[in-house]
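**Student:** Sharing a model that was predicted from the sequence below.
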Amino acid sequence: IKCINSKVQILKNLKIMQAILNQTNTAKTRPLQKPFQQSKMYSIVPIFIWVLFFANLGALIYYFPNTPTWHWENIFKINGFTLLIWTTVTFFSAIVSTYARNYLKGFLNHSQFTIYSFGFLFVVMLLVMSNHILPFIGSWLLMGIFMAQLIGVDKSWVEAREASEYAQKFFLLGTFFLGSGLFLLASQTNFYTIEEIIQNLETLPAYIKIMASVCIIMAAIIQSAMYPFQRWLLSAMTAPTPASALMHAGFVNGGGILLAFFSTLLFDSHTLTLLFVIGGITAITAQFTKLLQVNVKQKLACSTIAQMGFMIMQCGLGFFNAAVAHLILHGFYKAYLFLSAGDEIQNTNPSKPYKIVITPVQALVVLIFGALGAVLFSYLTGKGTTLDSGIILTLIVAITVGQVTYNIVKQEIFTSFQKILFPIILFTTGIVLYALLYNGVTILMADMPMIDAPVSISAIHIIFGIIFLIGFFIMKLGVYRKVPWLYVKLMNDSQPYKKTILTSNQKSL
(Lines give C-alpha, C1' and ligand atoms only; values in the text may rest on other atoms or scores of the structure.)
Protein backbone atom coordinates (compact mmCIF):
# COMPACT_ATOMS: atom_id res chain seq x y z
CA ILE A 1 0.00 0.00 0.00
CA LYS A 2 2.84 2.37 0.87
CA CYS A 3 4.46 1.61 -2.46
CA ILE A 4 1.23 2.37 -4.34
CA ASN A 5 0.76 5.62 -2.42
CA SER A 6 4.31 6.67 -3.22
CA LYS A 7 3.78 6.01 -6.93
CA VAL A 8 0.54 7.99 -6.88
CA GLN A 9 2.30 10.90 -5.18
CA ILE A 10 5.10 10.78 -7.73
CA LEU A 11 2.56 10.91 -10.59
CA LYS A 12 0.87 13.91 -8.97
CA ASN A 13 4.18 15.70 -8.62
CA LEU A 14 5.00 14.99 -12.26
CA LYS A 15 1.65 16.45 -13.37
CA ILE A 16 2.27 19.57 -11.30
CA MET A 17 5.74 19.98 -12.79
CA GLN A 18 4.34 19.51 -16.29
CA ALA A 19 1.71 22.20 -15.65
CA ILE A 20 4.39 24.59 -14.44
CA LEU A 21 6.49 23.91 -17.54
CA ASN A 22 3.46 24.52 -19.79
CA GLN A 23 2.78 27.85 -18.06
CA THR A 24 6.43 28.81 -18.43
CA ASN A 25 6.44 28.01 -22.14
CA THR A 26 3.20 29.92 -22.60
CA ALA A 27 4.70 32.93 -20.79
CA LYS A 28 7.75 32.80 -23.06
CA THR A 29 5.62 32.87 -26.21
CA ARG A 30 3.20 35.52 -24.83
CA PRO A 31 3.64 38.90 -26.52
CA LEU A 32 5.33 41.55 -24.35
CA GLN A 33 3.37 44.48 -25.76
CA LYS A 34 0.98 44.96 -22.80
CA PRO A 35 3.60 45.02 -20.01
CA PHE A 36 5.68 47.41 -22.15
CA GLN A 37 2.70 49.76 -22.49
CA GLN A 38 2.06 49.63 -18.76
CA SER A 39 5.66 50.44 -17.84
CA LYS A 40 5.53 53.32 -20.32
CA MET A 41 2.45 54.67 -18.55
CA TYR A 42 4.21 54.38 -15.19
CA SER A 43 7.04 56.51 -16.59
CA ILE A 44 4.85 59.13 -18.26
CA VAL A 45 2.57 59.86 -15.27
CA PRO A 46 5.35 60.86 -12.81
CA ILE A 47 7.01 63.00 -15.49
CA PHE A 48 3.72 64.76 -16.22
CA ILE A 49 3.13 65.45 -12.51
CA TRP A 50 6.67 66.79 -12.09
CA VAL A 51 6.08 69.15 -15.04
CA LEU A 52 2.82 70.24 -13.41
CA PHE A 53 4.64 70.87 -10.12
CA PHE A 54 7.34 73.03 -11.68
CA ALA A 55 4.69 74.97 -13.64
CA ASN A 56 2.79 75.69 -10.41
CA LEU A 57 5.99 76.56 -8.56
CA GLY A 58 7.05 78.90 -11.36
CA ALA A 59 3.69 80.68 -11.31
CA LEU A 60 3.82 80.93 -7.51
CA ILE A 61 7.27 82.53 -7.57
CA TYR A 62 6.53 84.76 -10.57
CA TYR A 63 3.39 86.35 -9.10
CA PHE A 64 4.58 86.48 -5.47
CA PRO A 65 3.76 88.54 -3.45
CA ASN A 66 0.96 90.24 -5.41
CA THR A 67 -0.79 87.23 -6.89
CA PRO A 68 -3.81 88.24 -8.99
CA THR A 69 -7.15 86.47 -8.85
CA TRP A 70 -8.60 84.80 -11.94
CA HIS A 71 -12.30 83.88 -12.28
CA TRP A 72 -14.05 81.66 -14.78
CA GLU A 73 -17.82 82.18 -14.99
CA ASN A 74 -17.87 82.66 -11.20
CA ILE A 75 -17.56 78.86 -10.93
CA PHE A 76 -13.81 78.55 -10.54
CA LYS A 77 -11.32 80.91 -8.94
CA ILE A 78 -7.51 80.85 -8.87
CA ASN A 79 -5.59 83.00 -6.41
CA GLY A 80 -2.42 82.81 -4.30
CA PHE A 81 -3.89 80.21 -1.98
CA THR A 82 -4.89 78.05 -4.95
CA LEU A 83 -1.36 78.15 -6.38
CA LEU A 84 0.10 77.35 -2.94
CA ILE A 85 -2.02 74.22 -2.49
CA TRP A 86 -1.53 73.16 -6.11
CA THR A 87 2.24 73.40 -5.72
CA THR A 88 2.14 71.44 -2.47
CA VAL A 89 -0.09 68.59 -3.65
CA THR A 90 1.64 68.18 -7.02
CA PHE A 91 5.01 67.94 -5.25
CA PHE A 92 3.80 65.20 -2.89
CA SER A 93 2.05 63.38 -5.73
CA ALA A 94 5.17 63.55 -7.90
CA ILE A 95 7.33 62.16 -5.10
CA VAL A 96 4.88 59.34 -4.34
CA SER A 97 4.31 58.38 -7.99
CA THR A 98 8.06 58.31 -8.63
CA TYR A 99 8.61 56.17 -5.55
CA ALA A 100 5.73 53.84 -6.54
CA ARG A 101 7.29 53.14 -9.94
CA ASN A 102 9.83 50.82 -8.36
CA TYR A 103 8.08 50.01 -5.10
CA LEU A 104 4.99 48.57 -6.85
CA LYS A 105 6.88 46.90 -9.69
CA GLY A 106 5.21 43.55 -10.32
CA PHE A 107 2.12 44.50 -8.28
CA LEU A 108 -0.96 43.29 -10.17
CA ASN A 109 -2.93 46.42 -9.28
CA HIS A 110 -0.21 48.90 -10.22
CA SER A 111 -2.33 50.35 -13.04
CA GLN A 112 -5.30 50.90 -10.75
CA PHE A 113 -3.04 52.56 -8.19
CA THR A 114 -1.69 54.95 -10.83
CA ILE A 115 -5.18 55.84 -12.05
CA TYR A 116 -6.61 56.36 -8.55
CA SER A 117 -3.67 58.45 -7.33
CA PHE A 118 -3.76 60.64 -10.43
CA GLY A 119 -7.53 61.01 -10.08
CA PHE A 120 -7.06 61.99 -6.45
CA LEU A 121 -4.56 64.70 -7.45
CA PHE A 122 -6.97 66.06 -10.06
CA VAL A 123 -9.95 66.35 -7.71
CA VAL A 124 -7.83 68.01 -4.97
CA MET A 125 -6.76 70.63 -7.50
CA LEU A 126 -10.38 70.99 -8.56
CA LEU A 127 -11.50 71.42 -4.93
CA VAL A 128 -9.22 74.35 -4.13
CA MET A 129 -10.18 76.23 -7.32
CA SER A 130 -13.94 75.67 -6.96
CA ASN A 131 -16.01 78.74 -6.14
CA HIS A 132 -19.44 77.24 -6.85
CA ILE A 133 -20.72 74.86 -4.20
CA LEU A 134 -21.61 72.07 -6.68
CA PRO A 135 -18.06 71.39 -7.96
CA PHE A 136 -16.79 72.01 -4.42
CA ILE A 137 -19.04 69.30 -2.92
CA GLY A 138 -18.52 67.04 -5.93
CA SER A 139 -14.73 67.19 -5.69
CA TRP A 140 -14.91 66.55 -1.93
CA LEU A 141 -16.99 63.44 -2.66
CA LEU A 142 -14.65 62.23 -5.41
CA MET A 143 -11.65 62.83 -3.19
CA GLY A 144 -13.09 60.36 -0.67
CA ILE A 145 -13.98 57.84 -3.38
CA PHE A 146 -10.48 57.85 -4.88
CA MET A 147 -8.87 57.54 -1.45
CA ALA A 148 -11.15 54.63 -0.50
CA GLN A 149 -10.15 52.90 -3.75
CA LEU A 150 -6.47 53.42 -2.93
CA ILE A 151 -6.99 51.90 0.52
CA GLY A 152 -8.58 48.80 -1.02
CA VAL A 153 -6.61 48.71 -4.28
CA ASP A 154 -5.74 45.04 -3.72
CA LYS A 155 -9.19 43.57 -4.39
CA SER A 156 -8.06 40.01 -3.65
CA TRP A 157 -7.34 40.91 -0.02
CA VAL A 158 -10.43 40.65 2.17
CA GLU A 159 -9.09 43.00 4.83
CA ALA A 160 -8.29 45.62 2.18
CA ARG A 161 -11.83 45.48 0.82
CA GLU A 162 -13.26 45.78 4.33
CA ALA A 163 -11.00 48.76 5.11
CA SER A 164 -12.01 50.44 1.86
CA GLU A 165 -15.72 50.00 2.54
CA TYR A 166 -15.32 51.08 6.16
CA ALA A 167 -13.43 54.27 5.23
CA GLN A 168 -15.87 55.03 2.42
CA LYS A 169 -18.75 55.17 4.92
CA PHE A 170 -16.94 57.91 6.85
CA PHE A 171 -16.12 59.82 3.66
CA LEU A 172 -19.76 59.70 2.54
CA LEU A 173 -20.84 60.87 5.99
CA GLY A 174 -18.42 63.79 5.73
CA THR A 175 -19.76 64.69 2.29
CA PHE A 176 -23.31 64.57 3.66
CA PHE A 177 -22.42 67.07 6.40
CA LEU A 178 -20.55 69.34 3.99
CA GLY A 179 -23.40 69.28 1.48
CA SER A 180 -25.97 69.93 4.19
CA GLY A 181 -24.06 72.92 5.52
CA LEU A 182 -23.41 74.51 2.13
CA PHE A 183 -26.94 73.96 0.78
CA LEU A 184 -28.35 75.41 4.00
CA LEU A 185 -26.26 78.56 3.49
CA ALA A 186 -27.12 78.72 -0.22
CA SER A 187 -30.86 78.35 0.38
CA GLN A 188 -30.83 81.09 3.01
CA THR A 189 -28.69 83.60 1.09
CA ASN A 190 -29.93 82.71 -2.44
CA PHE A 191 -26.29 82.56 -3.59
CA TYR A 192 -24.44 79.44 -4.73
CA THR A 193 -20.85 80.62 -4.83
CA ILE A 194 -18.60 80.55 -1.79
CA GLU A 195 -17.54 84.18 -2.24
CA GLU A 196 -21.11 85.47 -2.35
CA ILE A 197 -22.20 83.29 0.57
CA ILE A 198 -19.35 84.64 2.74
CA GLN A 199 -20.17 88.22 1.75
CA ASN A 200 -23.81 87.83 2.80
CA LEU A 201 -23.39 86.04 6.13
CA GLU A 202 -24.56 89.08 8.09
CA THR A 203 -28.07 88.64 6.63
CA LEU A 204 -28.44 85.20 8.23
CA PRO A 205 -29.85 84.49 11.70
CA ALA A 206 -27.41 83.15 14.29
CA TYR A 207 -28.93 79.66 14.46
CA ILE A 208 -28.51 79.14 10.70
CA LYS A 209 -24.83 80.10 10.90
CA ILE A 210 -24.30 77.81 13.89
CA MET A 211 -25.98 74.86 12.15
CA ALA A 212 -23.97 75.39 8.96
CA SER A 213 -20.73 75.79 10.94
CA VAL A 214 -21.31 72.56 12.87
CA CYS A 215 -21.93 70.69 9.61
CA ILE A 216 -18.71 72.03 8.06
CA ILE A 217 -16.76 71.28 11.23
CA MET A 218 -18.11 67.72 11.18
CA ALA A 219 -16.95 67.27 7.57
CA ALA A 220 -13.49 68.58 8.49
CA ILE A 221 -12.96 66.48 11.62
CA ILE A 222 -14.21 63.30 9.93
CA GLN A 223 -11.70 63.65 7.10
CA SER A 224 -8.91 64.64 9.50
CA ALA A 225 -9.68 61.54 11.65
CA MET A 226 -10.41 63.52 14.82
CA TYR A 227 -11.79 61.66 17.81
CA PRO A 228 -14.24 59.90 17.76
CA PHE A 229 -13.78 59.36 13.98
CA GLN A 230 -10.16 58.18 14.20
CA ARG A 231 -10.82 54.51 13.53
CA TRP A 232 -11.09 54.79 9.74
CA LEU A 233 -7.49 56.01 9.54
CA LEU A 234 -6.25 53.34 11.94
CA SER A 235 -7.97 50.74 9.74
CA ALA A 236 -6.46 52.00 6.49
CA MET A 237 -3.09 50.28 6.93
CA THR A 238 -3.99 47.85 4.16
CA ALA A 239 -3.13 50.56 1.64
CA PRO A 240 0.26 50.22 -0.10
CA THR A 241 2.94 52.43 1.44
CA PRO A 242 2.82 55.03 -1.41
CA ALA A 243 -0.96 55.30 -0.93
CA SER A 244 -0.48 55.71 2.83
CA ALA A 245 2.05 58.49 2.19
CA LEU A 246 -0.43 60.24 -0.11
CA MET A 247 -3.21 59.80 2.43
CA HIS A 248 -1.29 61.08 5.44
CA ALA A 249 0.55 63.84 3.58
CA GLY A 250 -2.44 65.15 1.64
CA PHE A 251 -5.88 63.67 2.18
CA VAL A 252 -6.27 64.16 5.94
CA ASN A 253 -5.00 67.74 5.55
CA GLY A 254 -8.14 68.55 3.57
CA GLY A 255 -9.95 69.35 6.81
CA GLY A 256 -7.67 72.33 7.43
CA ILE A 257 -8.14 73.59 3.88
CA LEU A 258 -11.91 73.33 4.25
CA LEU A 259 -11.91 75.30 7.51
CA ALA A 260 -9.72 78.00 5.93
CA PHE A 261 -12.31 78.50 3.18
CA PHE A 262 -15.03 79.15 5.75
CA SER A 263 -13.05 80.98 8.44
CA THR A 264 -15.44 83.95 8.34
CA LEU A 265 -18.42 81.69 9.00
CA LEU A 266 -16.67 80.08 11.96
CA PHE A 267 -15.92 83.51 13.45
CA ASP A 268 -19.49 84.75 12.94
CA SER A 269 -21.00 81.62 14.47
CA HIS A 270 -18.64 81.70 17.47
CA THR A 271 -17.71 78.03 17.01
CA LEU A 272 -13.93 78.47 17.18
CA THR A 273 -13.82 77.34 20.81
CA LEU A 274 -15.41 74.05 19.72
CA LEU A 275 -12.56 73.56 17.25
CA PHE A 276 -9.98 74.36 19.91
CA VAL A 277 -11.40 71.79 22.35
CA ILE A 278 -11.83 69.04 19.73
CA GLY A 279 -8.31 69.59 18.39
CA GLY A 280 -6.76 69.65 21.86
CA ILE A 281 -8.46 66.45 23.03
CA THR A 282 -7.45 64.68 19.84
CA ALA A 283 -3.84 65.93 19.95
CA ILE A 284 -3.10 64.77 23.49
CA THR A 285 -5.07 61.49 23.22
CA ALA A 286 -3.40 60.51 19.95
CA GLN A 287 0.02 61.23 21.44
CA PHE A 288 -0.85 58.84 24.27
CA THR A 289 -2.01 56.09 21.92
CA LYS A 290 1.08 56.48 19.73
CA LEU A 291 3.24 55.34 22.66
CA LEU A 292 1.23 52.12 22.97
CA GLN A 293 1.72 50.98 19.37
CA VAL A 294 4.23 48.36 18.25
CA ASN A 295 3.42 48.57 14.53
CA VAL A 296 5.33 51.30 12.66
CA LYS A 297 2.42 52.27 10.41
CA GLN A 298 0.04 52.39 13.39
CA LYS A 299 2.49 54.68 15.18
CA LEU A 300 2.55 56.93 12.14
CA ALA A 301 -1.25 56.89 11.97
CA CYS A 302 -1.52 58.00 15.60
CA SER A 303 1.10 60.67 14.94
CA THR A 304 -0.94 61.97 12.00
CA ILE A 305 -4.08 62.15 14.14
CA ALA A 306 -2.18 64.09 16.79
CA GLN A 307 -0.77 66.52 14.21
CA MET A 308 -4.24 67.07 12.74
CA GLY A 309 -5.39 67.81 16.28
CA PHE A 310 -2.76 70.55 16.55
CA MET A 311 -3.85 71.89 13.17
CA ILE A 312 -7.51 72.07 14.29
CA MET A 313 -6.37 73.77 17.53
CA GLN A 314 -4.66 76.48 15.49
CA CYS A 315 -7.88 77.04 13.55
CA GLY A 316 -9.72 77.31 16.87
CA LEU A 317 -7.26 80.01 17.96
CA GLY A 318 -8.02 82.03 14.82
CA PHE A 319 -4.76 81.25 13.02
CA PHE A 320 -5.92 79.59 9.82
CA ASN A 321 -2.70 80.67 8.11
CA ALA A 322 -0.72 78.83 10.81
CA ALA A 323 -2.89 75.75 10.23
CA VAL A 324 -2.10 75.81 6.49
CA ALA A 325 1.63 76.25 7.20
CA HIS A 326 1.37 73.33 9.64
CA LEU A 327 -0.31 71.02 7.12
CA ILE A 328 2.38 71.81 4.51
CA LEU A 329 5.18 70.97 6.94
CA HIS A 330 3.29 67.90 8.11
CA GLY A 331 3.00 66.75 4.51
CA PHE A 332 6.77 66.83 4.04
CA TYR A 333 7.41 65.18 7.38
CA LYS A 334 4.84 62.39 7.09
CA ALA A 335 5.53 61.56 3.44
CA TYR A 336 9.19 61.05 4.32
CA LEU A 337 8.35 58.87 7.34
CA PHE A 338 6.04 56.58 5.38
CA LEU A 339 8.35 56.21 2.40
CA SER A 340 11.27 55.41 4.73
CA ALA A 341 9.26 53.10 7.02
CA GLY A 342 11.08 50.03 5.67
CA ASP A 343 14.46 51.40 6.73
CA GLU A 344 13.02 52.29 10.12
CA ILE A 345 11.91 48.69 10.69
CA GLN A 346 15.23 47.30 9.48
CA ASN A 347 17.32 49.57 11.72
CA THR A 348 15.20 49.38 14.88
CA ASN A 349 15.90 46.96 17.71
CA PRO A 350 13.44 46.21 20.53
CA SER A 351 14.16 48.31 23.58
CA LYS A 352 12.54 49.14 26.88
CA PRO A 353 10.83 52.54 27.14
CA TYR A 354 13.19 55.01 28.73
CA LYS A 355 12.35 56.81 31.92
CA ILE A 356 12.52 60.58 32.00
CA VAL A 357 15.20 61.54 34.47
CA ILE A 358 16.18 65.18 34.42
CA THR A 359 18.65 66.95 36.68
CA PRO A 360 18.04 70.48 37.98
CA VAL A 361 20.69 71.86 35.61
CA GLN A 362 19.09 70.12 32.61
CA ALA A 363 15.66 71.41 33.66
CA LEU A 364 17.04 74.95 33.83
CA VAL A 365 18.58 74.62 30.36
CA VAL A 366 15.29 73.30 28.95
CA LEU A 367 13.32 76.20 30.48
CA ILE A 368 15.80 78.83 29.27
CA PHE A 369 15.91 77.51 25.70
CA GLY A 370 12.14 77.08 25.62
CA ALA A 371 11.73 80.72 26.64
CA LEU A 372 14.33 81.86 24.08
CA GLY A 373 12.53 79.90 21.34
CA ALA A 374 9.22 81.54 22.28
CA VAL A 375 10.82 85.03 22.21
CA LEU A 376 12.37 84.38 18.77
CA PHE A 377 9.06 83.04 17.41
CA SER A 378 7.20 86.05 18.81
CA TYR A 379 9.71 88.47 17.28
CA LEU A 380 9.60 86.90 13.80
CA THR A 381 5.82 86.36 13.58
CA GLY A 382 4.42 89.03 15.89
CA LYS A 383 2.46 86.41 17.87
CA GLY A 384 2.29 86.41 21.66
CA THR A 385 2.94 90.13 22.01
CA THR A 386 -0.64 90.93 23.05
CA LEU A 387 -3.11 89.29 25.41
CA ASP A 388 -4.86 87.04 22.88
CA SER A 389 -4.73 83.48 21.54
CA GLY A 390 -1.27 84.15 20.09
CA ILE A 391 0.08 83.50 23.59
CA ILE A 392 -1.16 79.91 23.42
CA LEU A 393 0.47 79.43 20.02
CA THR A 394 3.73 80.82 21.40
CA LEU A 395 3.47 78.54 24.43
CA ILE A 396 3.18 75.50 22.15
CA VAL A 397 6.37 76.62 20.38
CA ALA A 398 8.12 76.95 23.77
CA ILE A 399 7.08 73.40 24.72
CA THR A 400 8.33 72.07 21.36
CA VAL A 401 11.71 73.80 21.76
CA GLY A 402 11.96 72.53 25.34
CA GLN A 403 11.28 68.97 24.23
CA VAL A 404 13.94 69.17 21.49
CA THR A 405 16.39 70.59 24.01
CA TYR A 406 15.72 67.77 26.48
CA ASN A 407 16.22 65.14 23.77
CA ILE A 408 19.70 66.61 23.22
CA VAL A 409 20.83 67.28 26.81
CA LYS A 410 19.95 63.74 27.91
CA GLN A 411 22.42 62.27 25.39
CA GLU A 412 25.58 61.14 27.18
CA ILE A 413 27.67 61.11 23.99
CA PHE A 414 27.53 64.93 23.73
CA THR A 415 29.88 67.22 25.59
CA SER A 416 28.55 70.09 27.72
CA PHE A 417 29.47 72.54 24.96
CA GLN A 418 27.61 70.48 22.35
CA LYS A 419 24.53 70.27 24.59
CA ILE A 420 24.43 74.05 24.63
CA LEU A 421 25.32 74.63 20.97
CA PHE A 422 23.12 72.04 19.23
CA PRO A 423 19.76 73.18 20.69
CA ILE A 424 20.52 76.79 19.75
CA ILE A 425 21.33 75.82 16.16
CA LEU A 426 18.29 73.56 15.82
CA PHE A 427 15.63 75.78 17.30
CA THR A 428 16.99 78.93 15.66
CA THR A 429 17.09 77.31 12.22
CA GLY A 430 13.70 75.65 12.69
CA ILE A 431 11.91 78.76 13.94
CA VAL A 432 13.43 81.02 11.26
CA LEU A 433 12.38 78.60 8.48
CA TYR A 434 8.92 78.22 10.00
CA ALA A 435 8.55 82.02 10.31
CA LEU A 436 9.47 82.42 6.62
CA LEU A 437 6.89 79.82 5.62
CA TYR A 438 4.30 81.29 7.99
CA ASN A 439 4.74 84.83 6.63
CA GLY A 440 4.74 83.56 3.03
CA VAL A 441 1.50 81.64 3.56
CA THR A 442 -0.03 84.71 5.21
CA ILE A 443 0.81 86.82 2.14
CA LEU A 444 -0.62 84.24 -0.26
CA MET A 445 -3.85 84.02 1.77
CA ALA A 446 -4.16 87.79 2.11
CA ASP A 447 -7.35 88.06 0.02
CA MET A 448 -9.11 85.47 2.21
CA PRO A 449 -10.86 87.19 5.15
CA MET A 450 -10.25 86.25 8.79
CA ILE A 451 -7.32 83.90 8.19
CA ASP A 452 -5.08 85.59 10.76
CA ALA A 453 -7.37 86.93 13.47
CA PRO A 454 -6.40 85.88 17.01
CA VAL A 455 -9.30 85.62 19.43
CA SER A 456 -9.49 86.89 22.99
CA ILE A 457 -8.43 84.45 25.66
CA SER A 458 -11.43 83.12 27.57
CA ALA A 459 -11.81 81.01 30.69
CA ILE A 460 -12.30 77.96 28.47
CA HIS A 461 -8.91 78.57 26.82
CA ILE A 462 -7.18 78.90 30.19
CA ILE A 463 -8.86 75.85 31.76
CA PHE A 464 -8.36 73.66 28.72
CA GLY A 465 -4.80 74.93 28.29
CA ILE A 466 -3.99 73.81 31.85
CA ILE A 467 -5.62 70.42 31.20
CA PHE A 468 -3.60 70.14 27.99
CA LEU A 469 -0.33 70.84 29.81
CA ILE A 470 -1.16 68.34 32.56
CA GLY A 471 -1.96 65.70 29.95
CA PHE A 472 1.27 66.45 28.10
CA PHE A 473 3.41 65.91 31.22
CA ILE A 474 1.44 62.78 32.18
CA MET A 475 2.26 61.43 28.74
CA LYS A 476 5.94 62.38 28.83
CA LEU A 477 6.44 61.01 32.36
CA GLY A 478 4.70 57.72 31.49
CA VAL A 479 2.22 58.01 34.36
CA TYR A 480 -0.52 56.48 32.21
CA ARG A 481 1.25 53.09 32.39
CA LYS A 482 0.47 52.97 36.11
CA VAL A 483 -3.28 53.56 35.59
CA PRO A 484 -4.73 50.29 34.22
CA TRP A 485 -8.16 51.61 33.16
CA LEU A 486 -6.56 54.52 31.25
CA TYR A 487 -4.08 52.21 29.56
CA VAL A 488 -6.86 49.81 28.47
CA LYS A 489 -9.06 52.68 27.29
CA LEU A 490 -6.29 54.16 25.17
CA MET A 491 -5.38 50.75 23.77
CA ASN A 492 -9.01 50.05 22.77
CA ASP A 493 -9.45 53.48 21.17
CA SER A 494 -6.36 52.96 19.03
CA GLN A 495 -7.47 49.64 17.52
CA PRO A 496 -8.58 49.39 13.88
CA TYR A 497 -11.98 48.12 12.79
CA LYS A 498 -12.21 44.42 13.62
CA LYS A 499 -12.94 43.25 10.06
CA THR A 500 -9.74 44.86 8.78
CA ILE A 501 -7.55 42.66 10.98
CA LEU A 502 -6.38 39.24 9.76
CA THR A 503 -7.02 36.63 12.47
CA SER A 504 -5.92 33.03 12.76
CA ASN A 505 -9.37 31.62 11.94
CA GLN A 506 -9.93 33.87 8.94
CA LYS A 507 -8.93 33.38 5.31
CA SER A 508 -7.47 36.39 3.56
CA LEU A 509 -8.20 35.21 0.03
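**Tutor:** Yep, it's here. Numbers count the residues shown, from 1 in each chain.
**Student:** check which helix or strand covers the closest residue to D493 other than its chain neighbours.
**Tutor:** What sits nearest to D493 in space, not counting adjacent residues and going by C-beta to C-beta, 6 or more residues apart in numbering, is T289, at 6.3 Å. For glycine as for every other residue, the C-beta is placed from the backbone atoms N, C-alpha and C. Per DSSP states H and E: T289 is located in helix 272-290.
**Student:** Residues contacting that helix, please?
**Tutor:** By C-beta atoms under 8 Å, 6 or more residues apart in numbering, the surrounding residues in contact with helix 272-290 are 214, 217, 221, 226-227, 230, 259, 266, 299, 302-303, 305-318, 455, 458, 460-461, 464, 467-468, 471-472, 475, 480, 490-491, 493-494.
**Student:** next one: stretch 106-115
**Tutor:** Residues contacting stretch 106-115 (C-beta under 8 Å, 6+ apart): 38, 41-42, 45, 97, 100, 104, 149-150, 153-155, 240, 242-243.
**Student:** re the thing from before, going toward the C-terminus from the helix holding T289, what's the next helix or strand?
**Tutor:** Following helix 272-290 in sequence, per DSSP H and E, is helix 296-316.
**Student:** The helix or strand just after that next one - contacts with which helices or strands?
**Tutor:** Next helix or strand after helix 296-316 toward the C-terminus (DSSP H and E): helix 320-339. Applying 3 or more C-beta pairs under 8 Å, 6 or more residues apart in numbering; DSSP states H and E, we find helix 320-339 packed against helix 80-103, helix 241-246, helix 254-261, helix 296-316, helix 416-444.
**Student:** Which other helices and strands does the third one contact?
**Tutor:** Contact analysis of helix 254-261 by 3+ C-beta pairs under 8 Å, 6+ apart lists helix 110-129, helix 133-151, helix 206-223, helix 296-316, helix 320-339 as its packing neighbours.
**Student:** Could you tell me how far it lies from the centre of the chain?
**Tutor:** 12 Å (C-alpha atoms, centre = their mean, to the nearest Å).
**Student:** What of the first one?
**Tutor:** Between the mean C-alpha point of helix 80-103 and the mean C-alpha point of its chain there is a distance of 14 Å (C-alpha atoms, centre = their mean).
**Student:** mind listing what's buried in that helix?
**Tutor:** 80-101, 103 (16 or more other C-beta atoms under 10 Å).
**Student:** cool, stretch 286-295 as well?
**Tutor:** Neighbour-count burial for stretch 286-295 [16+ other C-beta under 10 Å]: A286, Q287, F288, T289, K290, L291, L292, Q293.
**Student:** V124 and S117: what is the separation?
**Tutor:** Noted for V124: a distance of 11 Å to S117, by C-beta to C-beta, to the nearest Å.
**Student:** So if I had to pick from those two, which one is more boxed in?
**Tutor:** More crowded of V124 and S117, by other C-beta atoms under 10 Å: V124, with 28 against 25.
**Student:** hey, which helix or strand in this structure has the poorest pLDDT?
**Tutor:** helix 2-29 (a mean of 45; mean pLDDT, DSSP states H and E).
**Student:** one step back: from the contacts of helix 272-290, which would you call buried?
**Tutor:** Listed as buried from the contacts of helix 272-290 are 214, 217, 221, 226-227, 230, 259, 266, 299, 302-303, 305-318, 455, 461, 464, 468, 471-472, 475, 480, 490, 493-494; burial here means 16+ other C-beta under 10 Å.
**Student:** Quick check: P449 touching E195?
**Tutor:** No. With contact defined as C-beta atoms under 8 Å, P449 does not count as touching E195 (10.2 Å).
**Student:** okay, now the domains of the protein?
**Tutor:** 1-31, 42-340+492-500, 360-444 (automatic domain parsing).
**Student:** Quick check: end-to-end length of the last one?
**Tutor:** In this case it means domain 360-444. 45 Å (C-alpha to C-alpha, to the nearest Å).
**Student:** and it, how far from the chain's centre?
**Tutor:** 24 Å.
**Student:** Give me the mean pLDDT for it.
**Tutor:** Here domain 360-444 scores 84 as its mean pLDDT.
**Student:** rewinding a little: give me whichever of the domains of the chain is most buried.
**Tutor:** Mean neighbour count (mean count of other C-beta atoms under 10 Å) peaks for domain 42-340+492-500 among these, with a mean of 20.
**Student:** re earlier: so which of the buried residues of stretch 286-295 would you say is closest to G402?
**Tutor:** Nearest to G402 among the buried residues of stretch 286-295 is Q287, at 15.3 Å by C-beta to C-beta.
**Student:** helix or strand for the nearest residue to I501 once chain neighbours are set aside, which one?
**Tutor:** The shortest distance from I501 to any residue other than its chain neighbours is 6.8 Å, reached at E159 (C-beta to C-beta, 6+ apart). Using DSSP H and E, E159 sits within helix 158-189.
**Student:** Beyond that helix, next helix or strand please.
**Tutor:** Heading C-terminal from helix 158-189 (DSSP H and E), you reach helix 194-199.
**Student:** Point out the other elements, helices or strands, that that next one touches.
**Tutor:** Using 3+ C-beta pairs under 8 Å, 6+ apart, helix 194-199 sits against helix 133-151, helix 158-189.
**Student:** Nearest to Y434, out of these?
**Tutor:** With C-beta to C-beta as the measure, helix 133-151 is the member of the helices and strands packed on helix 194-199 nearest Y434 (27.7 Å).
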